[in-house]
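Engineer: A predicted structure for the sequence below; I have some questions about it.
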Amino acid sequence: MKTILEQLKRQKTAHSTEELDRLGWARYEEIKEELEAKHHGEYVVIEVDSGDYFVGKTAEEAFKQAEEVYPNKAFYLIRVGYKAVHKLKRL
C-alpha cells in the first residue's frame, strides 16, 4: 500500500506556488487560535479559494474530507501548531 505522500502530487492551479502558500498561511492565521486549542498536532487541509478547511488526526484523513467536497483542487496542508506546510493532490 502506498503512503499518502506517494499517492499525492502537485495539482495544477491558477495560483502560483507562492500565492498558494500566501493564501493558505493567511487563512491558517485566521483560524489558528481555535485550531491550536482543540487540534494541536492534528492536520488541517485548506482549500484556498473558499477558505474552507478540514481537520483530521492524520494528513490523509483531512485530505480525504477535503477531496470529497472539492475534488481535483489543490490544497494547503498544515500540521496544527507546527510550521510544516504542503500543497497536495491525490494521484
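Structural biologist: Alright, I've got the coordinates. Numbers count the residues shown, from 1 in each chain.

Engineer: following whichever strand or helix holds residue 44, which helix or strand shows up next?
Structural biologist: Using DSSP states H and E, the element containing residue 44 is strand 43-46. Per DSSP H and E, strand 43-46 leads on to strand 53-56 as the next helix or strand towards the C-terminus.

Engineer: now for that next one, which elements pack on it?
Structural biologist: Helices and strands touching strand 53-56, by 3 or more CB pairs under 8 Å, 6 or more residues apart in numbering; DSSP states H and E, are helix 17-39, strand 43-46, helix 59-69. For the C-beta atoms, the positions are set from N, CA and C on the backbone; glycine is no exception.

Engineer: just want the angle from the last one to helix 17-39.
Structural biologist: In terms of direction (axes from the mean of the first three to the mean of the last three CA atoms, to 10 degrees), helix 59-69 departs from helix 17-39 by 110 degrees.

Engineer: worst-scoring helix or strand of this protein, pLDDT-wise?
Structural biologist: Using mean pLDDT, DSSP states H and E, the weakest-scoring helix or strand in the chain turns out to be helix 4-7, at a mean of 43.

Engineer: how about residue 48: what's its closest non-neighbour residue?
Structural biologist: residue 23 (3.9 Å; CB to CB, 6 or more residues apart in numbering).
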